[in-house]
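Undergrad: give me a model of this one.
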Amino acid sequence: GFMTRYERKLFDELKSPHLKYWVPFVWFGNLASKARKEGRIRDSVDLQTLMNEMNKYRSWCSLLFGYDWVGIPLVYTQVVTLAVYTFFFACLIGRQFLDTEQGYQGHDLDIYIPIFTLLQFFFYAGWLKV
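TA: Residues are numbered from 1 along each chain as shown. Sure, this is the predicted structure:
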């Protein structure tokens with residue numbers, strides 16, 4: 001509903017090896033300039049504000065396109081690997097049962113298989129490998 005059928009046809013016929021997110025921005029800029037010449041936008045300051053906001057939004061779209069286009073550097077995968085293994089090492093230490101000989105009230109010997117910790121490890125390690 002943002003484009004007319006004619007605009008959609010023009011958009012689809014445009015050949016580009018990359019994404020065509022910038023085409024509506026060019027159309028908007030041309031229409032805003034035309035509206036200023038016709039007097040629909042009364043002040044050049046208003047036109048400048050519109051164009052600044054449009055350029056800000058366009059730069060956000062190009063930044064998003066850049067994130068999609070450029071792969072994740074190897075250092076990020078190394079950092080994530082280190083974080084996952086450090087987290088599980090801390091879980092092994094932090095999720096141990098308390099020694100009943102110390103006399104902590106309300107804490108009995110709790111020997112169990114940490115099912116949820118194992119599930120976390122399998123999920124995180126599996127996602128890490130993906």
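Undergrad: residues in contact with residue 28?
TA: For residue 28, the contact set (C-beta atoms under 8 Å, 6 or more residues apart in numbering) comprises residue 54. C-beta here means a position set from N, CA and C on the backbone, and glycine is covered the same way.
Undergrad: buried residues, the strand or helix carrying it. List them.
TA: Using DSSP states H and E, residue 28 falls within helix 23-38. Buried residues in helix 23-38, counted by 16 or more other C-beta atoms under 10 Å: 24, 29, 32, 36.
Undergrad: and residue 86, what element?
TA: Assigned by DSSP H and E, residue 86 belongs to helix 74-94.
Undergrad: which residues touch residue 69?
TA: Residue 69 neighbours (C-beta under 8 Å, 6+ apart): residue 18.
Undergrad: go on, residue 43?
TA: Residues in contact with residue 43 (C-beta under 8 Å, 6+ apart): none are found.
Undergrad: tell me the pLDDT at it?
TA: pLDDT, residue 43: 91.
Undergrad: for residue 19, phi and psi?
TA: phi -60, psi 150 (degrees, to the nearest 10).
Undergrad: the longest helix seen in the chain vs helix 23-38, what angle?
TA: Counting residues, the longest helix found in the chain (DSSP state H) is helix 44-69. Counting by axes from the mean of the first three to the mean of the last three C-alpha atoms, to 10 degrees, helix 44-69 lies at 170 degrees to helix 23-38.
Undergrad: list the buried residues of helix 44-69.
TA: Those would be 47, 50, 58, for helix 44-69 by 16+ other C-beta under 10 Å.
Undergrad: could you dump those residues into JSON lines and include pLDDT?
TA: Converted to JSON lines, the buried residues of helix 44-69 look like this (pLDDT from 0 to 100):
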{"residue": "47", "pLDDT": "94"}
{"residue": "50", "pLDDT": "94"}
{"residue": "58", "pLDDT": "92"}
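Undergrad: can you tell me what sits against stretch 121-130?
TA: Stretch 121-130 is contacted from outside by 80-81, 84, 87-88, 91, using C-beta under 8 Å, 6+ apart.
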